[in-house]
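*Asks:* Give me a 3D structure for the following:
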Amino acid sequence: MTLNETLVPTYLQMLAALSAWLGKAADQLPDDKAAAIMNARIAPDMFPLFTQICFTCVQAQEGISRLRQDDLPPATAALLDEGRGAGSGSQTIADAQARIADTLRIVEAAAADMPDLSPDTPVAHALPNGMIFDLTAAQYVRDWAIPQFYFHLMAAYAILRAQGVNLGKADYVAHMFGFLRPGTMPEPG
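*Replies:* Okay, the predicted model is just below:
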């Protein structure tokens, strides 16, 4: 399995899940709670939901850029800044859905002509605070790209659950139902 075959489907299926969770939030929450949910957080010192969604999208865009050996596009930096500035803004579920849709388009477009990077290719991963991690492409995918993506994705899931959105394991692994053996779905009840 190539690094592309690991990251691209992960990003696509889980971003689609995140979008579906937000759809459930819009359907289930009263209008006033749905309007305020983007500022919700689990702990006072954590980023709010909108930031978690922006950072999930940034992680996907960044992972693709790194495997393409491209600089981060200005739009990714702008999304990162938007996420950092959330919490005092008036972002909506529709705004979050738009960021996810944009990221899905970026990942799909990049995947169409993605080079098959050798797992041993050096990747220098610089953080805004000046720290730089020297990794191989395989280490970058395993130790940074996937964990960071899921960190923000799970924070968003947890915030949605804490705000009363009826989500469960089936919502988290909705992509798995495509692999379900016919006749093995338990009967409800």
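
*Asks:* What is the subsequent helix or strand relative to the helix or strand residue 51 falls within?
*Replies:* In the assignment (DSSP states H and E), residue 51 maps to helix 49-68. As assigned by DSSP H and E, the chain's next helix or strand after helix 49-68 is helix 74-84.

*Asks:* Just the residues contacting that following helix, thanks.
*Replies:* With contact meaning C-beta atoms under 8 Å, 6 or more residues apart in numbering, helix 74-84 is reached by 47, 50-51, 53-55, 57-58, 61-62, 65, 99, 102, 106. Using the backbone N, CA and C atoms, a C-beta is placed for each residue, glycine as well.

*Asks:* can you pull out the strands in this structure?
*Replies:* Remark: strands assigned in the chain by DSSP state E are 122-126, 132-136.

*Asks:* Tabulate the ones you listed (TSV), appending mean pLDDT, distance to residue 4 and mean neighbour count.
*Replies:* Formatted as TSV, those follow (pLDDT from 0 to 100; distance: least, C-beta to C-beta, whole Å; neighbours: other C-beta atoms under 10 Å):
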stretch	mean pLDDT	distance to residue 4	mean neighbour count
strand 122-126	92	14	13
strand 132-136	96	15	14
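
*Asks:* And these: which comes nearest residue 11?
*Replies:* Minimum separation from residue 11 across these (C-beta to C-beta) falls at strand 122-126, 17.0 Å.

*Asks:* Next, count neighbours for residue 110.
*Replies:* 20 (other C-beta atoms under 10 Å).

*Asks:* in stretch 159-171, what's buried?
*Replies:* For stretch 159-171, the buried set under the neighbour-count rule, 16 or more other C-beta atoms under 10 Å, comprises 159-160, 163, 165, 167, 171.

*Asks:* residues in contact with it?
*Replies:* 17, 20-22, 24-25, 28-29, 33, 37, 40-42, 48-49, 52, 157, 177.

*Asks:* residue contacts, the closest residue to residue 145 other than its chain neighbours?
*Replies:* Spatially, and ignoring its direct neighbours in sequence, residue 145 is nearest to residue 63 (3.9 Å; C-beta to C-beta, 6 or more residues apart in numbering). The neighbours of residue 63, taking C-beta under 8 Å, 6+ apart as the test, are 7, 11, 141, 145, 149.

*Asks:* Alright, that wraps it up for me.
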